[in-house]
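A.B. asks: Give the three-dimensional model of this entry:
(chains A and B)
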Amino acid sequence: MRFIRPLTALGSLALLAGTATPASGMVRVPTETGVTATTITLGTHLPLTGPASPGYKDVGAAIKAYFDYVNAKGGINHRKVNFIVKDDKYDPAQTKRVVSSLILQDKVFAIMSGLGTATHSTVVKDLNRRGIPDLMVLSGYSGFANAHKYPDTWPGFPSYIAEAKIMSKFIADTDSLKSLKACLLYQDDDFGRDAAKGFAIGGMSFAAKAGYNAALLASSGVKAQIAGFAAQKCELVVVFGVTAATASAIGTAKALGFSPTWLASAVGADKKTLDDLNVPKALLTGVYSPNFLPVAEDASDGYIALITKILGAANVPVTSYTIGAVNDAYLVAQAIKAVGKKLTRKGLIAAMAKAANFKTAAFVPFKGATHQGYSGYYIGRYGADLVQKRVSAGVYETDSGSGPVQLSTFNRPAAPANLLP
Amino acid sequence: MRRITTRNRILGALAALSLAAAGSLAPANAGVKEGTCWPGEVQDQCSGDLGNGLGLYALRLPINFNGTVIVFFHGIRFGRNTPVPQSLKAAGIDYSNNPAYNSVTVPGLGATWIANGKPDLASGGSEALAAALMAKGFGVAGVGGGDTQGWAVQEEYNAGKALIDKMRTGFVYGLKRVMVWGESMGTLPALALEETVPRVSAAYVECAVPPTTTQAFQQALDALYVVKVLGGVDLKLTYDAGPAGLMQAYGDLNKVLGFLGGIKANANAVTPTKLLARNVVLMAGLIAGLPEASASYDGITTGGPLLASQLNTSAAMAENIGQAAVLATLLRFDVESRIRVAGGLATGSANFTDNVNTSYTDLLTDEQRAQYETFLNLGGTDVVDQMLGALDASKGNAALRYPANPAAVDAAKKAFPSYSGVARVPTMLVGYEVDPVTQAGWVQRYVDKSAAAGAVSKRHKLPLAVAMYAAAPSDGWTVLGDPAATAAKRTSGIGHCGGSSLLTGAQHLALIPAFNSWLYAGDQTAAGEFAALRSATGLGFQSDPEWVPAEVKY
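C.D. replies: Okay, here's the model as predicted:
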């Protein structure tokens, strides 16, 4: 015989308020915020509008497409994922507001894929103080991988420091590049500061350096900086910035008859973003750039085939950003699944620490235990067909400290039959 | 103390009779000593002078006295050491109708206002709030803190202790509980009394200052030091004794206000150090941990241009630094003057704060830097690095910074009461989300420290220290181009001690009875009432029980 224990005073209050108690009666009452017997609520902040929206505005739709796909197949441990996207316009003040709304009004279980360093910096401490899982932050800022400071946060990009170290190694290992007169165009914020650290650790020196301000990119571009590089006869220009900066740099160089070799950062060479900015995609021909995921055009890649199908079904464009978004959602779904039926925030955080065991499309492991996240890059180069092809000897792995850059021995697991967790 | 007249005794007896008729708990007057203050005493018949130079006190008991007397400790007033020239009326500083100030002519300054020792009975000296509390059954009291005023922490402490002793030895008829109420600077004596005087039953604190006087002034020093170095403003920041020192303090204040005025006139104003002046104030405010919004600027609303919300924050910082400047100049002069007396430092430095080894780079948090770097670097490539480099180039160099005089540090410790931050009795702390002078982070620091020390109630082990936050409107309050509309939106949580908000009085009026219920009905009852107040619509309290303000840095 089963006994129903008397309700506590708090339980009585919850019942009166109509919260969280399923009508069916015998289902165990979930007590975690954002989790019911049948749903899990996740949220994010993204620039759906405003100057930073090109390229990134589709990230939320891609993640939603993935969870819709999972929900249609029965959800995760029989719970369907409700994914809420809020537009912060890439304005830090708005980020604070919309994330507060996600926490208090929408009562999310976790935040995933919040985008931007300046924006996410306004909420990361609070999320960690509250014990809200803060997963796959779309920034390479090394500070977000500080497990001691942010034990509930995992970045979704390899760090900018690691990226700069890998670029340094690639240049040093590549005969056609290593003797070129190298110059650096960097974004004048955490992006550029992390890059400077990475290049210093990687032993890379530049004949000239110039910064640009992200807020002035749309109005001023990087004309003055590139003119300076042309005057100095730079032969290899490393653009450690966003795609709009790469576009302005290459466009300006063309106008000046200046034709160096280009190496752009991972977030600085996206074809779809160029489209959104009304810039010819052909500008990317010949540009080197790091990547840790397969490219959209690689139909032979099992992960890409599955991701493309999911995105296509939801009419979401297939870009490097949306591929990454679905891949991140797949990883998060596996972490949620691993927690089991009794889904708690603490359980999810513990599961993320074991994320190295999960499948992803990335060619490098996701180091959940250290919070480093994805741990490296290969270097690709755009051909005349505007398809990025791997040109590095292999995939490089490194950390955000003084550790070496090494060729990865990681064997990516074969693509599953489906992308269900 | 005023004498209790026959007429008053009759009125008191009538009051007691009416209470008894109403079924109240007030006992009959048999056995009551001569000189007792009775419920329903006519206004100020219980008030008087504490004697021994302790100054005036005020005490009023309503006819429906509930047994609790709230003893109010007022905040800073500009006293004898810092007369306020009446010429500042043009700048909006006007104490001509403030009963806590007298008009006094001072050689060299002309007509000035100097605070007197008038006791206040409630926040901001509000008679209406005191009357409303009395209508709810509370006895209200307050100490003036003597004639010198200024940073009169010790004087308020001494006066408060004397008044509480007096009340607890038969002066107040029907007294059951004494609640101390500290506002701003008044939180120092209130919390010090809470910790040291067993006869204090509870402490209600709004806009708490840091535990020590030194911490309170260190923040202001750092803010102005940044303005001095980066803005190229020639500031003295620690002062000589006597009238010369006062003139130096006023000189500093004028320079800072002039600098801030320049930004108001031109958002792109450039300093002699070739920096954007708005960057200087933003950096100063961030480093010192001032709120990223102010009474006039919400840090949210934009006029359209890119990053305009951060331009809004810069304007807010300028306003907040103006307030910090008053602390860092005039009030510092007052504190240093007191330290000179307490420590026998007639000449030489009375500097009790120290920034010789301060790393200003470390004071700017990673999150602050990441959030504002792009905006700050609009002033030039790598300008954040340049600014921090300029500030820290002098680190360790006592000749270029402001070393404390150890004798002054020692004198400050002895001269000004402090609090430990661990509650002994039920303690409610009210913080205001956008308080430029006493950041709400001090409230949270107290609550956290008290909890960590295991300060809990005996019965249900609930924390003895409880915070309530007055929340600023989440949708902002800056209405560009319409000052009247801006004012109308400042409902809650804005300004020093909520002074720019519309709901501050109502918040006290709701909170104090709920807090008082802890003393009579128990901790669980009070906790339920606090929860109800947090979620009440129209009162402006932060409804999220997990919300915490930005951490303070000192």
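
A.B. asks: Which residues of chain B lie near chain A?
C.D. replies: Within chain B, the positions near chain A by C-beta under 8 Å from any C-beta of the partner chain are B:299-300, B:302, B:306-307, B:309-310, B:312-313, B:366-375, B:377-378, B:381-382, B:474, B:543-544, B:546, B:548. Using the backbone N, CA and C atoms, a C-beta is placed for each residue, glycine as well.

A.B. asks: and A:Thr21, what pLDDT?
C.D. replies: Looking at A:Thr21, its pLDDT reads 34.

A.B. asks: go on, A:Thr273?
C.D. replies: Note on A:Thr273: pLDDT of 86.

A.B. asks: just checking, it is part of a helix?
C.D. replies: Yes: the assignment for A:Thr273 by DSSP: H, G, I helix; E, B strand; the rest coil puts it in a helix.

A.B. asks: Now for it, how many residues are close by?
C.D. replies: Taking other C-beta atoms under 10 Å in any protein chain shown as the criterion, the count of residues near A:Thr273 is 24.

A.B. asks: Tell me who's in contact with it.
C.D. replies: In this structure, A:Thr273 makes contact with A:Pro54, A:Gly55, A:Val242, A:Thr243, A:Ala244, A:Thr319, A:Tyr321, judged by C-beta atoms under 8 Å, 6 or more residues apart in numbering or on different chains.

A.B. asks: still on that earlier bit, out of the residues of chain B next to chain A, which are buried?
C.D. replies: By neighbour count, with 16 or more other C-beta atoms under 10 Å in any protein chain shown, those hold B:299-300, B:302, B:306-307, B:309-310, B:312-313, B:366-375, B:377-378, B:381-382, B:543, B:548 as buried.

A.B. asks: ok, A:Ser121 to A:Pro92 distance?
C.D. replies: 7 Å (C-beta to C-beta, to the nearest Å).

A.B. asks: so where do the helices sit in the stretch 1-150 of chain A?
C.D. replies: A:9-17, A:59-72, A:92-104, A:117-120, A:124-130 (DSSP state H, counting those that start in this stretch).

A.B. asks: Could you export the ones you listed as JSON lines, including mean neighbour count, distance to B:Asp44 and mean pLDDT?
C.D. replies: Listed next are the helices of the stretch 1-150 of chain A as JSON lines, based on neighbours: other C-beta atoms under 10 Å in any protein chain shown; distance: least, C-beta to C-beta, whole Å; pLDDT from 0 to 100:
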{"stretch": "helix A:9-17", "mean neighbour count": "11", "distance to B:Asp44": "46", "mean pLDDT": "32"}
{"stretch": "helix A:59-72", "mean neighbour count": "22", "distance to B:Asp44": "65", "mean pLDDT": "98"}
{"stretch": "helix A:92-104", "mean neighbour count": "22", "distance to B:Asp44": "47", "mean pLDDT": "94"}
{"stretch": "helix A:117-120", "mean neighbour count": "28", "distance to B:Asp44": "57", "mean pLDDT": "94"}
{"stretch": "helix A:124-130", "mean neighbour count": "19", "distance to B:Asp44": "48", "mean pLDDT": "97"}
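
A.B. asks: Which one of these lies nearest to A:Ala333?
C.D. replies: Nearest of the helices of the stretch 1-150 of chain A to A:Ala333, taken as C-beta to C-beta: helix A:59-72 at 5.9 Å.

A.B. asks: what about the strands in the stretch 1-150 of chain B?
C.D. replies: B:48-49, B:56-60, B:68-73, B:84-85, B:101-106, B:110-115, B:139-143 (DSSP state E, counting those that start in this stretch).

A.B. asks: Just the ones of the residues of chain B next to chain A in strands?
C.D. replies: Among these, no member falls in strands (DSSP state E).

A.B. asks: burial count for B:Lys553?
C.D. replies: By the other C-beta under 10 Å criterion, the neighbourhood of B:Lys553 contains 17 residues.

A.B. asks: pull the helix or strand with minimum mean pLDDT from the chain.
C.D. replies: In the absence of a named chain, chain A is used. helix A:9-17 (a mean of 32; mean pLDDT, DSSP states H and E).

A.B. asks: most surrounded residue in the contacts of A:Thr273?
C.D. replies: A:Thr243 (28 neighbours).

A.B. asks: what's the closest non-adjacent residue to that residue?
C.D. replies: Once flanking residues are discounted, A:Thr243 sits nearest to A:Thr273: 4.0 Å by C-beta to C-beta, 6 or more residues apart in numbering or on different chains.

A.B. asks: How much space separates the spatially most central residue of chain B from B:Ser201?
C.D. replies: The centroid of chain B falls nearest to B:Ser184 when counting by C-alpha atoms, centre = their mean (1.8 Å). Taking C-beta to C-beta as the measure, B:Ser184 and B:Ser201 are separated by 22 Å.

A.B. asks: now swap in A:Gly383 and tell me
C.D. replies: For A:Gly383, the distance to B:Ser201 - C-beta to C-beta - is 80 Å.

A.B. asks: circling back: what about the buried ones among the residues of chain B next to chain A, which are in helices?
C.D. replies: B:309-310, B:312-313, B:366-375 (DSSP state H).

A.B. asks: okay if I get these as CSV plus distance to B:Phe73 and pLDDT?
C.D. replies: Putting these into CSV (distance: C-beta to C-beta, whole Å; pLDDT from 0 to 100) gives the following:
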residue, distance to B:Phe73, pLDDT
B:Ser309, 38, 71
B:Gln310, 38, 82
B:Asn312, 35, 86
B:Thr313, 33, 91
B:Asp366, 38, 96
B:Glu367, 35, 96
B:Gln368, 34, 97
B:Arg369, 38, 97
B:Ala370, 40, 95
B:Gln371, 37, 94
B:Tyr372, 37, 95
B:Glu373, 42, 95
B:Thr374, 44, 92
B:Phe375, 41, 92
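
A.B. asks: For those, work out which two are farthest apart.
C.D. replies: Using C-beta to C-beta, the two most remote members of these are B:Asn312 and B:Asp366, lying 22.6 Å apart.

A.B. asks: Spatially nearest residue to B:Glu551 (excluding sequence neighbours)?
C.D. replies: B:Gly441 (5.4 Å).

A.B. asks: does the one you found really touch B:Tyr469, like I thought?
C.D. replies: No: the criterion here is C-beta atoms under 8 Å, and B:Gly441 misses it with B:Tyr469 at 10.7 Å.

A.B. asks: And the two? Which one has more around it.
C.D. replies: B:Tyr469 (25 against 21).

A.B. asks: and the closest residue to that one other than its chain neighbours, how many residues sit next to it?
C.D. replies: Nearest residue to B:Tyr469 in three dimensions, chain neighbours excluded: B:Gln542, at 4.0 Å (C-beta to C-beta, 6+ apart). Using other C-beta under 10 Å, B:Gln542 has 22 neighbouring residues.

A.B. asks: again, but for B:Ala487
C.D. replies: When neighbours are counted by other C-beta under 10 Å, B:Ala487 registers 14.

A.B. asks: Could you identify the helix or strand that succeeds the helix or strand where it lies?
C.D. replies: Using DSSP states H and E, B:Ala487 sits within helix B:483-489. Once the chain leaves helix B:483-489, the next helix or strand it forms, by DSSP H and E, is helix B:504-520.

A.B. asks: Name the residues of that next one that come out as buried.
C.D. replies: So for helix B:504-520, counting by 16+ other C-beta under 10 Å, buried means B:504-519.

A.B. asks: So which of those is the closest to B:Asp334?
C.D. replies: Using C-beta to C-beta, the buried residues of helix B:504-520 come closest to B:Asp334 at B:Thr504, 26.1 Å.

A.B. asks: Overlap in contacts, A:Ser121 and A:Pro92.
C.D. replies: B:Gln371.
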